[in-house]
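My questions are about this predicted structure, shown below with the sequence.
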Amino acid sequence: MIQHTEEIRAGWCVVAVRGRADAEAADELEEALKAALKQNSKVAADFSGLDYISSAGLRAVLQAARAAQTLEAEFAICRLSPSVKKVFDMSRLHQILRVHGELPC
């Protein structure tokens, strides 16, 4: 299960995600990110509170990134927790997604 909050900072909608982005929570993660993208032209997913991400969670992030392209919105992933950063590094998603150590705003 995941929890998320949204906050506007310097023109960016920051979606702070906490919990586990596993198969059970992937759809919820994807919908939260897509909903933020529909309402904002700049969205940053703050994963500092995300303890775990599975392949289903990675798919949710990729789907959100595709939605951002379709909507011509900016989408960034930031503040990866160490365990999630390891998964992003192994999957090489940091090479195709916009990943930051800190918030872009």
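Ah, there it is. Every value quoted in this text rests on a predicted model; they were computed, and no experiment measured them.

give the contact list for Q3.
Applying C-beta atoms under 8 Å, 6 or more residues apart in numbering to Q3 gives the contacts 17-19. Bear in mind the C-beta positions are built from the backbone N, C-alpha and C, glycine included.

any chance you could map the strands in the protein?
Counting by DSSP state E, the chain has strands at residues 2-9, 12-21, 42-53, 74-78, 99-100.

I'd like the ones you listed as a markdown table, with mean pLDDT appended.
Compiled in a markdown table, the strands of the chain are given as follows (pLDDT from 0 to 100):
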| stretch | mean pLDDT |
| --- | --- |
| strand 2-9 | 94 |
| strand 12-21 | 97 |
| strand 42-53 | 96 |
| strand 74-78 | 96 |
| strand 99-100 | 88 |
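
need these in TSV with distance to A60, can you?
Compiled in TSV, the strands of the chain are given as follows (distance: least, C-beta to C-beta, whole Å):
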stretch	distance to A60
strand 2-9	10
strand 12-21	7
strand 42-53	9
strand 74-78	12
strand 99-100	15
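
Quick check: which of these is nearest to F88?
Of all the strands of the chain, strand 99-100 sits nearest to F88, with 6.5 Å by C-beta to C-beta.

who's in contact with that closest one?
For strand 99-100, the external contacting residues (C-beta under 8 Å, 6+ apart) are 44, 76-80, 88, 93.

Repeat the analysis, applying 10 Å as the threshold.
44-47, 76-80, 85, 88-89, 93-94 (C-beta atoms under 10 Å, 6 or more residues apart in numbering).

List buried residues within these.
Buried members of these, scored by 16 or more other C-beta atoms under 10 Å, are 44-47, 76-80, 85, 88, 93.

okay but L71 is in contact with K38, surely?
Yes. Counting by C-beta atoms under 10 Å, L71 does reach K38; the two are 6.9 Å apart.

Between the two, which is the more surrounded one?
Neighbours per residue (other C-beta atoms under 10 Å) separate L71 from K38, with L71 holding more: 15 against 11.

tell me the contacts of the more buried one?
By C-beta under 10 Å, 6+ apart, the contact set of L71 is 34, 37-38, 40-41, 43.
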